[in-house]
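# Predicted model follows, preceded by the sequence.
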Amino acid sequence: MTDSLKPRSVLLIFVQASSGVDGAALLDGAGKGLLSLLKDRAMSSVIKRAQFAIPPLSLMILSSVKVEGVSQEICDLRFDRLPLERHWDLVGISVQTGAVRPAFEIASLFRSKGTPVVLGGPYVSIFPERCRDQADVLVIGEADDLWKEVLEDLKAGSLKPEYRQGVFPDLSTCRPVDKSALDIGRYFTTNVVQTTRGCPYSCDFCNVHIMNGHKLRHRPVDEVVREVERFQEEDRRIFFFLDDTVNADEAYAAELFSRLVPFKIRWVGQATTLLGENPRLLEILARSGCGALLVGIESLADESNQLHHKFHNPASRQSRCIKAIREAGICVYGSFIFGLDGDTLAMPEIIEAFIEETGIDVPGINLLRPIPGTSVFSRLATEGRLLHSSDDHDAFRFSWGQEMLYLPKQMSLEEFIPSYTALTSRVFTLRHAIERAMRAPTLPSAVLMFNMLYVHMYGLSRKDLRKQLGGMGRVGEKDELKKRT
Ligand code: B12
Ligand code: SF4
């Protein structure tokens, strides 16, 4: 058999983050009692069965690229162990910015066994130079088209060190996503669909517009409809539309979701609150089976939204729009960020009253996470407000509101942390969880589950933050905090 006819096996790895939605745990496990370790483990397994447990669409897309003689498998480290004992001709790892260290460690493990490693994903696309020494091959940018080239070169034994996206892939061409590399039964649902890519907005804490561009690219409505039909045959559970904003192009959304009405699916997605001002689209979404939408409220202070370039979110219309969405029978997951540059210590009370007034079904009260590569990260670094060296990307790992990574503008950390922890302890209680589930316009058990999960996760956040404030966090942090506050 000539070398190019030999069958090749490729392993695609999704890396678990050490905390956050991948598994709630205290950041610093040292010194924890047996009881809390058991509790963390139990919570991690609850999370694996919960709504967050959806498969990575990126790796589904890659594994749907067919090249004769090349087989692909997905290893999702939230569920699987690394199959180190098997032979692989190529290992691909998806690298997210907040989980760089574990991704590099896995790459090094495989490379030490002589297996070539290809790295791709958000971090690689934004910081290719920092990844170069960690891999044999880098895929920079969206890999929808590049991956075929990589697999063909693997077959021919001529892998290049780098594959770089020139222009963004044209989503109007047909690229069916299949689930053959997935273990369908282990996920909460496998019906994950993306209809558009790119974001017209420029929020400074986000890098979607940097990775995927400002221009919205659409998949043809017909193709999405066919995908929904096909997915439904394999898995009748809920659909997740992973678009950052399902209503970014209202005319497209109206056409697409009208076409989905006959399928009688249940779905959840993300939208801007602007949706509340378009009763026709709202009615179509509700009729097409939309059960819940995550909306980014961020701050209720216009000054904060302006300073962070979230111009499409004036505070004055938030309440009206959220009420309209809920009145249409759709639950609202309202995501706030407390600690933006215009926020003051008056904000917690405003957020709390707003949650009560609007009836938000699942509130999420986040800390600003300066993600390397975003413009807020560079600005905070220039202003000397980051609590770690801007070069140490691992310090900016993902967590669940569990550590402050920067100095707020209008308050000291000694003021900010207690006011945030007091807010989350008032908002995330068992009583509120039950009340929110009882008044939810639909999906009451999901609303209950999320709120209960958050009672636990924000409890962890409070413990970690208090520890950080008490100076018992990572080495060197105490001095750093003292110096800066
Ligand atoms: C759905 C989703 C989730 C889901 C599923 C996770 C997933 N990544 O699939 C869940 C709920 C689990 C989740 C969790 C989290 N998420 Co999330 N999530 C998303 C969302 C909305 C869509 C992801 C998606 O499917 N995109 C579509 C695919 C096609 O794009 P893609 O992933 O970028 O993949 C393309 C390329 O990057 C590349 N590629 C990707 N991987 C690989 C691997 C190889 C080998 C190659 C060659 C190429 C390649 O090719 C793909 C096709 O073009 C994005 C926002 C977004 N627009 O992407 C945020 C996003 C990825 N999430 C984010 C965050 C912060 C989180 C959490 C930390 C939240 C938390 N606090 O816990 C966790 C971390 C989980 C983890 N282990 O990484 C950030 C990541 C920031 C960053 N720079 O890394 C994003 C970008 C949101 C944002 N606005 O900043 N998330
Ligand atoms: S936060 Fe949402 S609206 Fe803002 S740039 Fe990112 S994806 Fe777009």
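Arrived safely, thanks for sending. Ligands and ions are numbered 1, 2, ... in the order given.
# Tell me who's in contact with whichever residue of the stretch 101-250 of the chain sits closest to ligand 1.
Minimum separation of the stretch 101-250 of the chain from ligand 1 (CB to the nearest ligand atom) falls at residue 120, amounting to 2.2 Å. C-beta coordinates here come from the backbone N, C-alpha and C atoms, glycine included. With contact set as CB atoms under 8 Å, 6 or more residues apart in numbering, residue 120 has these partners: 58, 92, 93, 94, 95, 138, 139, 140, 143.
# In terms of helices and strands, where is the third one?
In the assignment (DSSP states H and E), residue 93 maps to strand 90-94.
# coming back round to it: okay if I get the contacts of residue 120 as CSV plus pLDDT, distance to ligand 1 and neighbour count?
Shown next, in CSV, are those (pLDDT from 0 to 100; distance: CB to the nearest ligand atom, whole Å; neighbours: other CB atoms under 10 Å):
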residue, pLDDT, distance to ligand 1, neighbour count
58, 98, 3, 20
92, 98, 3, 29
93, 98, 6, 27
94, 98, 3, 22
95, 97, 7, 28
138, 98, 8, 22
139, 98, 4, 24
140, 98, 9, 18
143, 98, 3, 25
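# Closest one of the residues you listed to residue 73?
Nearest to residue 73 among the contacts of residue 120 is residue 92, at 10.5 Å by CB to CB.
# Touching, that closest one and residue 9? I think so.
No - using CB atoms under 8 Å, residue 92 makes no contact with residue 9, being 11.7 Å away.
# any weak-confidence spans in the chain?
Along the chain, the model assigns pLDDT under 70 to residues 1-2, 20, 23-24, 29-33, 44, 47-51, 472-485.
# Residue numbers of it in contact with ligand 2?
199, 201, 202, 203, 206, 208, 209, 244, 245, 296 (CB under 6 Å from any ligand atom).
# Stretch 15-22 near ligand 1 anywhere?
Yes - using CB under 6 Å from any ligand atom, stretch 15-22 comes into contact with ligand 1 via 15, 16, 17, 20, 21, 22.
# go on, stretch 35-54?
Yes - judged by CB under 6 Å from any ligand atom, stretch 35-54 comes into contact with ligand 1 at 52, 54.
# Quick check: the gap between residue 221 and residue 267.
Residue 221 is 15 Å from residue 267, where distance means CB to CB, to the nearest Å.
# ok, back up a step: and the residues of the chain next to ligand 2, which of them are in strands?
residue 296 (DSSP state E).
# Keep only those of the residues of the chain next to ligand 2 that are also close to ligand 1.
Among those, ligand 1 is touched by 206, 208, 244 when using CB under 6 Å from any ligand atom.
# So which of those residues is surrounded by the most neighbours?
Ranked by neighbour count (other CB atoms under 10 Å), these have residue 244 at the top, with 22 neighbours.
# Do I have it right that it meets residue 195?
No - between residue 244 and residue 195 there is no contact under CB under 8 Å: 10.9 Å.
# Secondary structure element holding the closest residue to residue 144 other than its chain neighbours?
Once flanking residues are discounted, residue 144 sits nearest to residue 169: 4.3 Å by CB to CB, 6 or more residues apart in numbering. Residue 169 belongs to no helix or strand when elements are defined using DSSP H and E.
# Return the residues in contact with residue 169.
Neighbouring residues of residue 169 by CB under 8 Å, 6+ apart: 142, 144, 145, 217.
# Now rank those residues by neighbours and give me the top one.
residue 142 (22 neighbours).
# all strands of this protein, in order?
8-14, 70-76, 90-94, 117-120, 137-140, 162-164, 191-193, 196-197, 217-218, 239-241, 267-271, 290-298, 331-338, 362-367.
# Spell out which parts of the stretch 301-450 of the chain neighbour ligand 1.
371, 398, 400.
# Can you add neighbour count and give these back as CSV?
Output for those, formatted as CSV (neighbours: other CB atoms under 10 Å):
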residue, neighbour count
371, 21
398, 17
400, 23
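# how near is the residue of the stretch 101-250 of the chain closest to ligand 1 to ligand 2?
20 Å (CB to the nearest ligand atom, to the nearest Å).
# ok, which stretches of the stretch 101-250 of the chain are helices?
All helices of the stretch 101-250 of the chain, identified by DSSP state H, counting those that start in this stretch, fall at 122-126, 128-131, 146-156, 208-212, 221-234, 250-260.
# Just the buried residues of the longest one, please?
Using 16 or more other CB atoms under 10 Å as the test for burial, helix 221-234 gives 221, 223, 224, 225, 227, 228, 231.
# Indicate the residue of the stretch 351-485 of the chain located nearest to ligand 1.
Closest point on the stretch 351-485 of the chain to ligand 1, by CB to the nearest ligand atom, is residue 398, at 3.5 Å.
# Show me the two of the contacts of residue 120 that sit farthest apart.
Checking these against each other with CB to CB, the farthest-apart pair comes out as 58 and 138, at 15.2 Å.
# about what we covered before: which one of the helices of the stretch 101-250 of the chain is the most hemmed in?
Most buried of the helices of the stretch 101-250 of the chain, by mean neighbour count (mean count of other CB atoms under 10 Å): helix 122-126, with a mean of 23.
# what's that helix packed up against?
Contact partners of helix 122-126 among helices and strands, from 3 or more CB pairs under 8 Å, 6 or more residues apart in numbering; DSSP states H and E: helix 128-131, strand 137-140, helix 208-212.
# close to ligand 1, is it?
Yes - interface with ligand 1: helix 122-126 contributes 122, 123, 125 (CB under 6 Å from any ligand atom).
# Go through those and name the one nearest ligand 2.
Scanning the residues of helix 122-126 next to ligand 1 for proximity to ligand 2, where the rule is CB to the nearest ligand atom, the winner is residue 122, at 12.3 Å.
# Can you convert the strands of the chain into JSON lines and add a column each for distance to residue 437?
JSON lines is the format used below for those (distance: least, CB to CB, whole Å):
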{"stretch": "strand 8-14", "distance to residue 437": "31"}
{"stretch": "strand 70-76", "distance to residue 437": "29"}
{"stretch": "strand 90-94", "distance to residue 437": "34"}
{"stretch": "strand 117-120", "distance to residue 437": "40"}
{"stretch": "strand 137-140", "distance to residue 437": "43"}
{"stretch": "strand 162-164", "distance to residue 437": "47"}
{"stretch": "strand 191-193", "distance to residue 437": "24"}
{"stretch": "strand 196-197", "distance to residue 437": "32"}
{"stretch": "strand 217-218", "distance to residue 437": "36"}
{"stretch": "strand 239-241", "distance to residue 437": "21"}
{"stretch": "strand 267-271", "distance to residue 437": "16"}
{"stretch": "strand 290-298", "distance to residue 437": "13"}
{"stretch": "strand 331-338", "distance to residue 437": "10"}
{"stretch": "strand 362-367", "distance to residue 437": "10"}
